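# generate a structure from the sequence data that follows.
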Amino acid sequence: MTEGADGAQPLSTPSGGPSGPLSPDCHTGGHLRRENTDPMATQRFLTLDDVAEILNVSWSQAYALVRRKELIAIQIGGRGQWRVEKDELERFIQQKYAEARSSAGAEEPVPDDAEVDSPR
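Next comes the predicted model:
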């Protein structure tokens with residue numbers, strides 16, 4: 001075990017883990033709860049905020065995808081909160097890639113060193 005800056009030993013649980021609010025004696029039964037920064041890691045349904053973050057778009061853009069039925073979602077609860085199943089979002093993303101591939105094949109490729117005209 002390492003010493004702190006003041007020379008004192010840090011507190012630990014009998015198992016050697018850190019003490020504090022997430023110790024084995026707390027209400028979590030010894031399971032550490034960690035803030036998950038990846039909204040798609042473990043949950044089945046995503047909020048529109050999660051979808052917007054994953055797609056790197058605004059909430060209103062994610063909502064528009066749902067309203068146009070490009071992205072399938074369900075409404076849950078009395079206030080009609082939208083939820084998108086993780087697998088449905090993956091299907092949507094794969095569909096968009098397929099569309100991009102098929103439209104890319106129809107267009108004439110632009111060489112890497114070609115100048116691109118910008119609109120004025």
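
# what pairs with the strand ranked longest in the chain, parallel or antiparallel?
Under DSSP state E, the strand in the chain containing the largest number of residues is strand 81-85. Strand 81-85 sits in its sheet next to strand 45-46 (antiparallel), strand 74-76 (antiparallel), going by DSSP bridges.

# please identify the deepest-packed of those strands.
For these, average neighbour numbers computed from mean count of other CB atoms under 10 Å are highest in strand 45-46, which has a mean of 19. To be clear about C-beta, it is placed using only N, CA and C from the backbone, and glycine gets the same treatment.

# residue 66 sits in which helix or strand?
Assessed by DSSP states H and E, residue 66 sits inside helix 59-67.

# which of the residues in that helix are buried?
The neighbour-count check on helix 59-67 (16 or more other CB atoms under 10 Å) flags 62-63, 65-66 as buried.

# who's in contact with that helix?
48-49, 51-52, 55, 71-73, 82, 84, 92 (CB atoms under 8 Å, 6 or more residues apart in numbering).

# pLDDT (mean, whole number) over that helix?
For helix 59-67, mean pLDDT is 97.

# with just CA atoms, put it into CSV.
C-alpha atoms of helix 59-67 as CSV (Å, rounded to 0.1, in the frame of the first residue of the first chain):
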residue,chain,number,x,y,z
TRP,A,59,-31.5,16.8,-29.9
SER,A,60,-33.9,18.4,-32.4
GLN,A,61,-32.1,16.7,-35.3
ALA,A,62,-32.5,13.3,-33.5
TYR,A,63,-36.1,14.1,-32.9
ALA,A,64,-36.6,15.0,-36.5
LEU,A,65,-35.2,11.6,-37.6
VAL,A,66,-37.8,9.9,-35.3
ARG,A,67,-40.7,12.1,-36.4
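
# and the angle for it with strand 81-85?
Compare the direction of helix 59-67 with that of strand 81-85 by axes from the mean of the first three to the mean of the last three CA atoms, to 10 degrees and you get 70 degrees.

# show me the shaky parts of this structure.
1-41, 106-120 (pLDDT under 70).

# this completes my enquiry, with thanks.
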